[in-house]
Structure formats: C-alpha cells, structure tokens
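Engineer: What shape does this take:
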Amino acid sequence: MTTDLDFSGVVSLPARPRAGHKGTFGTVAIIGGSSHAPPTMVGAPALCATAALRAGCGLCRIIAPHPILPAILTICPSATGVALPVDLSGALDRGHATEIMERALVGCDAVAIGPGLGVSEESAQLVVRIIQRDDTATVIDADALNAMAQIPDLFRDFRAPSVLTPHPGEFARLAAAFKVGFSPTDPDERPQAAAALARRLGCVVVLKGAGTCVSDGHRTWVCDHGHPCLATAGTGDVLTGLLASLLAQHIAGGGSHSGLYEIARVAVEAHARAGEAWAQREQASAGLLASELCDLLPSVLEPMRAHG
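Structural biologist: Residues are numbered from 1 along each chain as shown. Below is the predicted model of the structure:
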C-alpha cells in the first residue's frame, strides 16, 4: 500500500479496505526491554506494542529478553513474543540473540527498536544489524539512539530506511557523535537541528518536545499541536509504536524518504492531538498515563482517514 496524504488541509490516510484481514494491515516488530542491569525495563516495549495495535496494524511481534517476555505479554496480550536468550546475569547472549532476532523479523513490515532496550555491547550489536538492513521501514528510539551515539562510525553502515525519534537529550548525544550543530532545545534552532542530523545520516528525524520537528533534511515541519500532559513517562514509547504501525500499514517495502517523512508527520500530529483530547476530556493539565494515550489513538486517527 502506498501513501496518500494531503497536508493542504486535513491530514488524510488511505481508507482501510473493507475486505482486509490482519495480514492486510501489516506486521510490526518491536525490539526492546532489558533484563540485565537494574532497573528491569518491561513497560516500554509493552506500551509500544499496545500503541502499534491501537493504531491499526494487523499483527505485532515483541522481540525481548527471555526472562521478561512473559511480563510484557501480560501487559499486551494481543501481541506475540519471540524470546531472546540471555546469560546467567540476564544480559543478552551475544552468540545467539542476533541470529534469533533476524529470524523473527522475517515477514515483518516495520521494525521499532530501542524502547527499554538498555545500553550494552550486546544490545548495540542488535542495533548495528538493524541499521544495516535496507528492506524494512525502521523506527529507532530511546536506547537504540544511545547505542548509535556510542559508535560514531556507524553512519558508514547506515542503510535502513528509518525514522529517528530523539528527545533533546538523546539528540544532543547523537549531535556530539556525528558532529551536528544547532541546539535541540532552542525553539529557533530546533528545525535546523533536526534537518542537519537527517542530512548527516540520510534518514528522517523526529525531534520531540514542545513543537516537535520532523525533517528529512530537505523539508522540515513543526507540529503546532500538543499539550503539557504529554510530558510524562511512556508517551515517547507510544509515539514509536504509533509510527511503526502507520509505516507497516502504508509503506511498501522499505519506502521512500518522502513516504517516511509524510507518515512521520501524521504520527506526530495524531500523538499531539491525542494528548489534547485527553486534557480536554479530563479537564486536567497533568496525570496522563501512557496507556490512556494508546486508547485515544483510534478516535484521533479515524478523522484522518479517507472514507469511501
């Protein structure tokens, strides 16, 4: 399926075919979670998977360390799981984890890597393998970004058609590693910062924060929706799952940079509007749970779809 988006007025996604089935709407793979060093990270991949399913993908596959996979699937039972082997300390088994991950990615239409992944040599190995793949649209977030920042020569192997979703702290680490100027917190420089990193790596960058910036290095868009209630744990994981879901549904194969950029804009807009909808419903400026944000995605996305 290809993109069919109209930003001249109301954002529009293609209509969902009435005769579609779960295979029609794409499979998302989420690689994350950590069972090694405290704190154990279970919630991030579960929230990411929940968001992906609430955004309409047909199937979601969670690839996570064996000791924590049951807990993740308890939170998100609609997903399926693939267990990565670990050693006695809970660290990923370097000899087998990458091979199992590669097999688990067969048949997936989009990949999200990073939520709760932790930073280690073993997790970095997974990240390296993902960015070398050129056939699947990929969202790179959280600890996957931190792993990238620790391997400055990584850009030489960067082939994945990808969207990076850093918050300002993660962006600063990437900017230092890849020698990118501009401030990720200065409102006047944020668009230039996103564009500079996108050009450096040949990807799409979503620089999160108030006035989230989306850039493919040539075009840059700043979201004018959003709400302070989104400044809480887990909302970034929701955006990652939402974005991966839309990529799986609407990008054929790896997709073009133009397609990735357009889908990233839709995801950011929907995420921001969901935050506004929660604040209006609750008449509150704080207290949002990321799981509540997931539950608002269907109603926010529906007006963005073409019908007919």
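Engineer: just checking, V300 touches A272?
Structural biologist: No: at 9.2 Å, V300 and A272 do not qualify as touching, with contact defined as C-beta atoms under 8 Å. The way it works is simple: take the backbone N, C-alpha and C, and place the C-beta from them, glycine included.
Engineer: Do a quick rundown of the helices in this protein.
Structural biologist: 43-54, 69-75, 97-104, 121-131, 142-149, 168-178, 190-201, 235-250, 257-282, 290-301 (DSSP state H).
Engineer: would you list those helices in a markdown table and tack on distance to I30?
Structural biologist: Shown next, in a markdown table, are the helices of the chain (distance: least, C-beta to C-beta, whole Å):
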| stretch | distance to I30 |
| --- | --- |
| helix 43-54 | 5 |
| helix 69-75 | 9 |
| helix 97-104 | 11 |
| helix 121-131 | 12 |
| helix 142-149 | 11 |
| helix 168-178 | 18 |
| helix 190-201 | 22 |
| helix 235-250 | 7 |
| helix 257-282 | 15 |
| helix 290-301 | 13 |
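Engineer: Please name the residues that touch the residue nearest the centre of the chain.
Structural biologist: Against the mean C-alpha coordinate of the chain, by C-alpha atoms, centre = their mean, the closest residue is T240 at 2.4 Å. When contacts are counted by C-beta atoms under 8 Å, 6 or more residues apart in numbering, T240 is found next to 48, 51, 112, 114-115, 139, 141-142, 165.
Engineer: what do you get for E282?
Structural biologist: L288 are the contacts of E282 under C-beta under 8 Å, 6+ apart.
Engineer: Roughly how far does K208 sit from H66?
Structural biologist: For K208, the distance to H66 equals 31 Å [C-beta to C-beta, to the nearest Å].
Engineer: how deep is H218 tucked in, by neighbour count?
Structural biologist: 11 (other C-beta atoms under 10 Å).
Engineer: what does the one 10 residues further on give?
Structural biologist: Residues near P228, counting by other C-beta under 10 Å, number 12.
Engineer: Around the nearest residue to it once chain neighbours are set aside, count how many other residues there are.
Structural biologist: For P228, ignoring the flanking residues on the chain, the nearest one in space by C-beta to C-beta, 6 or more residues apart in numbering is S285 at 5.6 Å. Neighbouring residues of S285 were enumerated by other C-beta under 10 Å; the total is 11.
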